[in-house]
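**Student:** here is my input; please provide its structure:
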Amino acid sequence: MEKLEETITAWLRGGLDNDGQLQTATYGNSLLMAQASGTDFRLHDEWPPQQWHVFLHVHEGELRLTVNGDRIGFEAPVYVDFLSNTRWTDITLAGRYHACFVLVEQQFFMESTLPMRGKITEGMMRFSQSPFTPMEKTERNVCNDWRKP
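**Tutor:** Alright, predicted model coming up:
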């Protein structure tokens with residue numbers, strides 16, 4: 001299996017246009033965070049293998065995507081948990097954008113979240129019904145400074 005960073009970075013870079021920038025940080029072959037910025041990003045529909053879970057936090061721009069055949073859009077800031085039981089296609093960031101992707105290997109995710117899952121089960125069930133979380137403007141910079149010393 002290819003390294004996570006190579007596979008996922010290539011997948012994300014494929015969505016960048018000429019002025020797009022991508023910075024990544026990894027934890028072994030189990031977790032990758034990527035900051036993407038630029039103008040008009042389009043994520044390829046060829047998703048990473050099923051064992052990877054994808055999260056997206058959009059800080060600036062407009063997220064547009066098709067979910068199980070329905071086209072919807074959100075103004076930043078917004079957080080999306082790309083649940084594997086949902087069909088995600090035509091994912092774009094329109095205009096000037098800044099976003100943070102987090103990809104985690106499913107087994108690593110399950111093991112690392114085990115101690116807290118019992119405490120948040122009810123919230124997870126509600127979230128699985130609607131995996132989009134519009135955020136307050138004050139929450140928009142949560143992921144902005146992760147690469148700064």
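
**Student:** most centrally placed residue in the protein?
**Tutor:** Leu56 (2.3 Å; Cα atoms, centre = their mean).

**Student:** I'd say that one and Tyr97 touch.
**Tutor:** No: contact criterion Cβ atoms under 8 Å: Leu56 and Tyr97 do not qualify, at 10.9 Å. Glycine gets a C-beta too; all of them are placed from N, C-alpha and C.

**Student:** re the thing from before, is the nearest residue to the residue nearest to the centre of the chain once chain neighbours are set aside in a helix, a strand, or coil?
**Tutor:** Leaving aside its chain neighbours, Leu56 sits nearest to Val80 (4.7 Å; criterion: Cβ to Cβ, 6 or more residues apart in numbering). Look at Val80: counting by DSSP: H, G, I helix; E, B strand; the rest coil, its state is strand.

**Student:** ok, Val80 - how many residues close by?
**Tutor:** For Val80, the count of nearby residues is 20 (other Cβ atoms under 10 Å).

**Student:** isn't it right next to His53, touching?
**Tutor:** No: at 11.8 Å, Val80 does not count as touching His53 under the criterion of Cβ under 8 Å.

**Student:** can you check the pLDDT for Asn144?
**Tutor:** Listed pLDDT for Asn144 reads 50.

**Student:** should've said Glu75
**Tutor:** 90.

**Student:** that one: neighbour count?
**Tutor:** For Glu75, using other Cβ under 10 Å, the count is 12.
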